[in-house]
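Novice: below: sequence and its predicted model.
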Amino acid sequence: MILWCAYCRQFLREEKPFDEYRISHAVCPTCEPKVLTFTDSDQARLEGIIEFFLHLEEVSLSGSRAEVPQILEESQSLGIRPVDLMMGLLQPLLSKIGDLWAAKEITVDTEHRFSALVGDLLAHVRNSSNREAGSAAPELILVNAEGNDHTLGLQMAEVYLAAQGISTLTVIPGLPTNEILQLGRLHRPRAIGFSVALPNQMEQVWTVAERFNQAQNAPCPILVGGPAVRLGLDLEPTLGIEACYDLAEVRTRLSRSHQA
């Protein structure tokens, strides 16, 4: 479930159940004192955000990629940061569209067109983030596990982590095992993170973990996230593979790795 501050318009965090993407509106600690002095202009701003969200819902069904500049411009005018747009608004809409498709209430074409629209928005945001990050060595390498062709979640993770100041190298849709091992030895990041959609996509993750465990001076721990993890994927603890149920856990584990 997604926790969103209705006052400052920021994505706060994800909470259990992690496999649901409903939005729970709250007020963050920073904004709590401001609520006592809530004004008409504050109300107008919140109404503007509600109207924007309703517009995004309409766009999700039309899938018009011509809407990209308008969406970015309007979200900026409302003070919605790119990471909040992605995590707090587009992420739940993607889930809703997926549910509608599963229920056969929309066509595959509609689902694909909205995914393409989100992909265009992510490309713009990622390009901006990469320009700001410069040539910093990656602290984290993100890659889809072999067999997982769903790339939007991994791209959203990159946007979130960039907003947290974590330099990330994201490779999509995926890489052969040997190239992942080479990247680990080359960059020696704090961790390598895999996105796993289904349990049967864990084979490559196990192979990478085993190869790193066999090597002297193993470059980094292995993190695993994605839909399979959120639904309770059972990991093999002896390989040192760590499950991350939400992106805040990724940040915490990277911090522990740095301290170690």
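Specialist: Here it is on my side, so go on.
Novice: so what's residue 232 up against?
Specialist: Counting by Cβ atoms under 8 Å, 6 or more residues apart in numbering, residue 232 touches no other residue. Where C-beta positions appear, they are placed from N, C-alpha and C, glycine not excepted.
Novice: doesn't it lie inside a strand?
Specialist: No - going by DSSP: H, G, I helix; E, B strand; the rest coil, the assignment for residue 232 is coil, not a strand.
Novice: that one and residue 198: what is the separation?
Specialist: 13 Å (Cβ to Cβ, to the nearest Å).
Novice: likewise residue 71?
Specialist: Taking Cβ to Cβ, one finds residue 71 at 31 Å from residue 198.
Novice: the two: which has the busier surroundings?
Specialist: Neighbour count, other Cβ atoms under 10 Å: between residue 71 and residue 198, residue 71 has more, with 21 against 15.
Novice: my read: that one touches residue 56, true?
Specialist: Yes - counting by Cβ atoms under 8 Å, residue 71 touches residue 56, with 7.1 Å between them.
Novice: show me the shaky parts of the stretch 1-150 of the chain.
Specialist: Residue ranges of the stretch 1-150 of the chain with pLDDT under 70: 129-136.
Novice: for the residue nearest to residue 174 when sequence neighbours are not counted, phi and psi?
Specialist: Distances taken as Cβ to Cβ, 6 or more residues apart in numbering place residue 144 nearest to residue 174, at 4.2 Å, with adjacent residues excluded. Backbone torsions for residue 144, taken as degrees, to the nearest 10, come to phi -80, psi 140.
Novice: again with residue 233
Specialist: For residue 233, the backbone dihedrals (degrees, to the nearest 10) come out as phi -60, psi 130.
Novice: show me what contacts it?
Specialist: 196, 199, 202, 224, 243.
Novice: element containing the fourth one, please.
Specialist: I take that to be residue 224. Taking DSSP states H and E as the definition, residue 224 sits inside strand 222-225.
Novice: on contacts alone, who are the packing partners of that strand?
Specialist: strand 191-195, helix 203-214, strand 241-243, helix 247-259 (3 or more Cβ pairs under 8 Å, 6 or more residues apart in numbering; DSSP states H and E).
Novice: for it, which strands pair with it and how are they oriented?
Specialist: strand 191-195 (parallel), strand 241-243 (parallel) (DSSP bridges).
Novice: so what touches it?
Specialist: Counting by Cβ under 8 Å, 6+ apart, 145, 157, 191-196, 202, 205, 208-209, 212, 233, 235, 239-247, 249-250, 253 sit against strand 222-225.
Novice: now a PyMOL select for only the buried ones of those.
Specialist: Command for PyMOL that selects the buried part of the contacts of strand 222-225, burial taken from 16 or more other Cβ atoms under 10 Å:
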select buried, resi 145+157+191+192+193+194+195+196+202+205+208+209+212+233+235+239+241+242+243+244+245+246+247+249+250+253
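Novice: pretty sure residue 64 contacts residue 114?
Specialist: No - proximity of residue 64 to residue 114 does not meet the contact threshold set by Cβ under 8 Å, at 9.5 Å.
Novice: quick one: which of those two has more around it?
Specialist: residue 114 (27 against 13).
Novice: could you check how far the more buried one is from residue 65?
Specialist: Applying Cβ to Cβ to residue 114 and residue 65 gives a distance of 10 Å.
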